[in-house]
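Enquirer: my questions concern the predicted model and sequence given below.
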Amino acid sequence: MKDIEIAKKYLEEENLAIAVVKDGGLIFKSHDKGIRPMYTLATKMTKLAKDSSIADKVIGRGAAILCKSLDVKEVYGKLISDNAMEILEESNIVYYYDNICDYIKNRDGTDLCPIEKIALKSEKPEILLNKIREFLNIY
């Protein structure tokens, strides 16, 4: 079974927010909502996440930029935005999805997700990570 299939299986069977698999083994999983799990990967597991396969409930532009910076090999999203697909295509990252949307909405569905807004202004991963850190209040 391919890594992305294993990651997707973990995502679904354990009702996770994210599952990361490399060389057939689960290296990270989380139930945390939003960008926090991807932020953790991008700040604490950079080397380990390289060439991994990520299955996530939602892949927006911010998550896609972080996947690019992590140099992952493939991504699956239950929901993926057009902006995310654009970033993944430019980065030659193979991606799979169940549903596509124009953009990721905030939790109450009234506006753009705050991380999507931040990511629209932050092409560079290091700038994006700093802005996500500020947003998450991590110091």
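Expert: Received the coordinates, thanks. Numbers count the residues shown, from 1 in each chain.
Enquirer: starting at the chain centroid, how far to the helix or strand containing residue 38?
Expert: Under the criterion of DSSP states H and E, residue 38 resides in helix 36-44. Taking CA atoms, centre = their mean, to the nearest Å, one finds helix 36-44 lying 9 Å from the centre of the chain it belongs to.
Enquirer: in the protein, where is pLDDT below threshold?
Expert: 139 (pLDDT under 70).
Enquirer: on that earlier part again, now the helix holding residue 38: buried residues?
Expert: 36, 37, 38, 39, 40, 41, 42 (16 or more other CB atoms under 10 Å). C-beta: built from backbone N, CA, C; applies to glycine.
Enquirer: what's the neighbour count on the closest residue to the second one other than its chain neighbours?
Expert: Beyond its immediate neighbours in the sequence, the residue positioned closest to residue 37 (CB to CB, 6 or more residues apart in numbering) is residue 30, lying 3.8 Å away. For residue 30, the count of nearby residues is 16 (other CB atoms under 10 Å).
Enquirer: ok now do residue 30, which residues does it touch?
Expert: 16, 17, 18, 36, 37, 40 (CB atoms under 8 Å, 6 or more residues apart in numbering).
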